[in-house]
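>>> sequence-free structure coming up:
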């Protein structure tokens, strides 16, 4: 998707709607900002009275009283500033919490096909940096805008009470300053975008040249690559120079307009003082109010720039939140499922990419309680079958039946809760071994966890670890070996007690010794259940009730281990080749 980050009324309204559940925080910081602007403006106006009626009139009692009021304004301002920082900070954190929770929950509902085409880095950026920018827009940037608005309003009111003509002159100067600030910043932002774009190309070229250094040297491309890289760095220099030049010019231009405005005000104000239309104290206070009005306008360019980035972030986050799952539950789908285990594919067509079919008119029946093994070359459709049974994807045509019932008649949650999946590379979550085994059955008792580990032949391995069942596994189980992770994964599946088991190449990454333990755990897991086993090591499926060979999405061979060996086909070739390799390895060992 391409996001411009331009101002969008719909996007801004949607961002602001996020604050409605926390209206008390919004009201709190808005009120504190208004009170801050009032006390600051009042304190500034008091300087007029202090000078005119206190110092120049030599009325020291009046001067003392005004000074105490002036001090009170500063104390009140400090309290109100603390208030709006507190409320804005809390609002920002609450908004981040809300958005991250919404995104996390929404991602749980999206279909597998979404994750196939979306990188985890892209998703992490949406959940972290983009939600932070949106929260900042709805809290701190909103605070800046409200504060600037109140400052300008109350400053103009007090300026009008001091001298109406000078106040009207400021009404002409303020829009000019605002226009010049926004215009300059828009040019600067455009140049910095070019810098970022060229920088990405430089980084890519640098990385490619380093990673492919052998090819570069083999083809003597050093000189050519150096020239290409030199052209990119020259482009980078020119774009950076333009951006720096505009950035350097921005403040002098704003200062020039500000100085010009102050010069006119000083000239006219001095003339008014001579004519008696303005006091010295009033003139001093008016100059202070001008400063109050100008700094928010100068800061407006920064706020405008950050708003563009925040709006672009919001468009990405809202586009993700508005995305519907490609697989939905039927309105009348049952949320309860229990299967004897019969699986049937009827005339199933499936493709991950249009015009690139994986399965075409595929038919397969697996009787309840049967262990079916699937072998075949990579890309033949083995994992696709496993994914379709679990309804991670829907067929393009045809359907899958479980116990002679269309699997769409069940909700995805009900269906998937009765199907256990053991992957080739098992995934463990950060936490303890106990927490990982209990992951599929959160209410399981300690005795049930230990019993599941024993059935998976993982109990002894766990007790040999320093922490036992309290051993930390690390993120994605990085503190354990692949074999240990696989045994814990088996225990987790046994504890969940599914009706159907899918083992997707569950032992292809395990050493032979560890495989024996896993095989024993698998036998416990597969007992009295319908099982679909996908394996590269054919020695693990010799005892399967039935073996099918899939090539190009079609069943080319079918039978048990002995029958397929007698056929002398693809299975026979794979088995004898693996047997020779394993025999040679054991002889070398």
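Good, I have the coordinates. Remember, it's a predicted structure, so these values are computed and weren't measured experimentally.

>>> what are the buried residues along stretch 455-471?
455, 456, 457, 458, 459, 461, 462, 465, 469, 471 (16 or more other C-beta atoms under 10 Å). Backbone N, C-alpha and C define where each C-beta goes, glycine included.

>>> between the residues you listed, which is nearest residue 276?
residue 471 (87.9 Å; C-beta to C-beta).

>>> mind listing what the closest one touches?
The contact partners of residue 471, by C-beta atoms under 8 Å, 6 or more residues apart in numbering, come to 432, 433, 462, 465, 479.

>>> out of these, which comes closest to residue 312?
residue 479 (39.2 Å).

>>> burial check on the closest residue to the closest one other than its chain neighbours, number of neighbours?
Among residues not flanking residue 479 along the chain, residue 473 sits closest, at 5.6 Å (C-beta to C-beta, 6 or more residues apart in numbering). Residue 473: 22 surrounding residues under other C-beta atoms under 10 Å.

>>> cool, and residue 556?
Residue 556, neighbours per other C-beta under 10 Å, totals 14.

>>> any idea of the pLDDT on it?
Residue 556 carries a pLDDT value of 91.

>>> same check, this time on residue 22
At residue 22, the pLDDT recorded in the model is 91.

>>> ok, now which ones touch it?
91, 94, 95.

>>> now pLDDT too, for the residues you listed, in a markdown table please.
Listed next are those as a markdown table, based on pLDDT from 0 to 100:
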| residue | pLDDT |
| --- | --- |
| 91 | 92 |
| 94 | 93 |
| 95 | 92 |
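
>>> tabulate those (TSV), appending neighbour count, secondary structure and distance to residue 17.
Shown next, in TSV, are the contacts of residue 22 (neighbours: other C-beta atoms under 10 Å; DSSP: H, G, I helix; E, B strand; the rest coil; distance: C-beta to C-beta, whole Å):
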residue	neighbour count	secondary structure	distance to residue 17
91	25	helix	14
94	18	helix	14
95	24	helix	11
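
>>> touching stretch 363-377 from outside, list them.
So stretch 363-377 is contacted by 339-348, 382, 385, 403, 526, 528-536, 538, 541, 543-551, 555-556, 570-571, 574 (C-beta under 8 Å, 6+ apart).

>>> distance of residue 382 from residue 530?
As for residue 382, its distance to residue 530 is 17 Å (criterion: C-beta to C-beta, to the nearest Å).

>>> between these two, which one's more packed in?
Neighbour totals were compared for residue 382 and residue 530, and residue 530 leads with 26 against 22 (other C-beta under 10 Å).

>>> quick check: the more buried one touching residue 342?
Yes - counting by C-beta atoms under 8 Å, residue 530 sits close enough to residue 342 to count as a contact (7.1 Å).

>>> what's stretch 549-558 in contact with?
By C-beta under 8 Å, 6+ apart, the list of residues contacting stretch 549-558 reads 357-360, 362, 364, 374-377, 380-382, 384-385, 546-548, 564, 567, 569-571.

>>> before we move on, the earlier item: list only buried entries from the contacts of stretch 363-377.
Members of the contacts of stretch 363-377 classed as buried by 16+ other C-beta under 10 Å are 339, 341-346, 348, 382, 385, 403, 526, 529-536, 538, 541, 544, 546-550, 570-571, 574.

>>> in strands only, show me these.
The members of the buried ones among the contacts of stretch 363-377 that map onto strands under DSSP state E are 343-346, 348, 530-534, 546-550.

>>> quick one: least confident of the residues you listed?
residue 534 (86).

>>> dump the residue contacts of that residue.
373, 374, 375, 382, 383, 386, 502, 503, 504, 505, 506.

>>> and which of the residues you listed is nearest to residue 122?
When the contacts of residue 534 are compared against residue 122 (criterion: C-beta to C-beta), the nearest one is residue 383, at 23.7 Å.

>>> average pLDDT for stretch 119-133?
82.

>>> likewise stretch 198-217?
So the average pLDDT for stretch 198-217 ends up being 72.

>>> any idea how far that stretch is from the chain center?
How far stretch 198-217 lies from its chain's middle: 28 Å, per C-alpha atoms, centre = their mean, to the nearest Å.

>>> how about that stretch: buried residues?
Applying 16+ other C-beta under 10 Å to stretch 198-217 flags 198, 205, 209, 216 as buried.

>>> and those residues, which of them are in helices?
Among these, the members found in helices (DSSP state H) are 198, 205, 209, 216.

>>> hmm, residue 74 and residue 43 touching each other?
Yes - with contact defined as C-beta under 8 Å, residue 43 reaches residue 74; the gap is 6.2 Å.

>>> domain ranges for the protein?
Listed by automatic domain parsing, the domain ranges of the chain are 1-162+308-326, 164-277, 328-418+526-589.

>>> whichever helix in the chain runs longest: how far from the chain's middle?
Scanning the chain for the helix with the most residues, using DSSP H, yields helix 222-275. Centre-to-centre, helix 222-275 and its host chain are 36 Å apart (C-alpha atoms, centre = their mean).

>>> could you check the angle the very next helix or strand once past it makes with helix 222-275?
Remark: after helix 222-275, the chain's next helix or strand is helix 280-321, criterion DSSP states H and E. Between helix 280-321 and helix 222-275, the angle comes out at 140 degrees (axes from the mean of the first three to the mean of the last three C-alpha atoms, to 10 degrees).

>>> what sits against the residue nearest to residue 479?
428, 429, 430, 431, 432, 433, 436, 479, 480, 485, 488.

>>> residue 398 - that's part of a strand, no?
Yes - counting by DSSP: H, G, I helix; E, B strand; the rest coil, one finds residue 398 located in a strand.

>>> now it: how far from residue 386?
17 Å.

>>> comparing these two, which shows the higher neighbour count?
Higher neighbour count among residue 398 and residue 386: residue 386, with 21 against 18, using other C-beta under 10 Å.
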